[in-house]
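Colleague: give me a 3D structure for the following:
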Amino acid sequence: MEKYKDIEKSIIKKYRKEIWSKFVKAVQEYELISENDKIMVCISGGKDSFLLAKCFQEIIRHGKFKFDAHYVVMNPGYKLENIELIRKNAEELNIPIEIFESDIFDVVDNISSDSPCYLCARMRRGFLYSKAKELGCNKIALGHHFDDVIETTLLSMFYGSEIKTMMPKLHSTNFEGLELIRPLYLVKEEDIISWAKFNELTFLNCACKFTEKNSNDFENTSKRKEIKQLIKDLKKVNKNIDHNIFKSLDNVNLNCVLGTTKDGNKKSFLEEYDKE
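Modeller: Numbering: from 1, shown residues only. Next comes the predicted model:
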């Protein structure tokens, strides 16, 4: 049996509870995929996006309705060996990828070398939406997982002074008719790592020029790394802490918050306080 078939089997069988069932649950619960969708599955080269692509292949084979998927890799300026690793993994996993070029790393390095991550993320999103439009897609799928959701929530609270999270889907504000979806929304990173190790797969980590040149400084100042460690420490006291954080976002008690913001409009609890 070819290796990719064993890899596919591992998603459906060995990791059915940890990965496949949670992928399907997110798709159904958040209504991420509809019949006749044309979805651009974005592959960065990392473990999360390659797993996402394989899950899409499986749901196309076993799902209840038809839709199309295009597996796209944007090259923002990777070194040649990184592109070759992506090609190798795509071939090994039997994923028909299309690679398109951009110069994001060079632009970001010239414009915002001191704090590149925000600008890089925005530019990546713009290039991906444009490519999706070119392909005639109505949705783009990203490989963000459960841990990304929790970490983003705490980052927003601790460093952004607001309660907000990474949504399972959202409409693009700049590209009409396009929607972003996150089908790995309920899948834990530790299970993705376990799946990759079980299948003896090696994927890219962050491979941008900035972090390669300043890896020590980046590791020391990364707020997301700081939050990861905090959650790890908190789980030693309460093993369900990540689930509790996630559930709280689905269980906001508006009677007990000082204020809310929607579409830029702020509302204080005082506006309703004396109307009861």
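
Colleague: burial measure for Lys197, as a count.
Modeller: 11 (other Cβ atoms under 10 Å). In this view, the C-beta of every residue, glycine as well, is placed from N, C-alpha and C.

Colleague: try Ser34
Modeller: Neighbours around Ser34, by other Cβ under 10 Å: 12.

Colleague: sketch out the low-pLDDT regions of the chain for me.
Modeller: 1, 106, 108-119, 206-221, 276 (pLDDT under 70).

Colleague: can you map out the strands along it?
Modeller: Assigned by DSSP state E, the chain shows strands spanning 38-42, 68-75, 97-101, 139-141, 169-171, 179-181, 259-262, 265-268.

Colleague: look up how far Ser10 lies from the nearest residue to Tyr15 once chain neighbours are set aside.
Modeller: Distance criterion Cβ to Cβ, 6 or more residues apart in numbering; nearest residue to Tyr15, sequence neighbours excluded, is Trp195 at 5.3 Å. Taking Cβ to Cβ, to the nearest Å as the measure, Trp195 falls 7 Å from Ser10.

Colleague: could you do Arg61 as well?
Modeller: Taking Cβ to Cβ, one finds Arg61 at 15 Å from Ser10.

Colleague: more neighbours, those two?
Modeller: Per other Cβ under 10 Å, whichever of Arg61 and Ser10 has more neighbours is Ser10, with 17 against 9.

Colleague: so that one is in contact with Glu200, correct?
Modeller: No. Using Cβ atoms under 8 Å, Ser10 is not in contact with Glu200, being 11.0 Å away.

Colleague: packing partners for the helix ranked longest in the chain?
Modeller: Using DSSP state H, we find that the single longest helix of the chain is helix 116-135. Counting contacts by 3 or more Cβ pairs under 8 Å, 6 or more residues apart in numbering; DSSP states H and E, helix 116-135 packs against strand 38-42, strand 68-75, helix 104-111, strand 139-141.

Colleague: hey, C-alpha coordinates of it in CSV?
Modeller: Extracted C-alpha coordinates of helix 116-135, given in CSV (Å, rounded to 0.1, in the frame of the first residue of the first chain):
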residue,chain,number,x,y,z
PRO,A,116,7.0,42.1,10.8
CYS,A,117,4.3,39.6,11.9
TYR,A,118,1.3,41.9,11.6
LEU,A,119,2.2,43.3,8.2
CYS,A,120,3.1,39.9,6.9
ALA,A,121,-0.2,38.4,8.0
ARG,A,122,-2.2,41.2,6.4
MET,A,123,-0.2,40.9,3.1
ARG,A,124,-0.6,37.1,3.1
ARG,A,125,-4.4,37.4,3.5
GLY,A,126,-4.6,39.9,0.7
PHE,A,127,-2.6,37.7,-1.7
LEU,A,128,-4.7,34.6,-0.8
TYR,A,129,-8.0,36.4,-1.3
SER,A,130,-6.9,37.7,-4.7
LYS,A,131,-5.8,34.2,-5.7
ALA,A,132,-9.2,32.8,-4.6
LYS,A,133,-10.9,35.3,-6.7
GLU,A,134,-8.7,34.4,-9.6
LEU,A,135,-9.7,30.7,-9.2
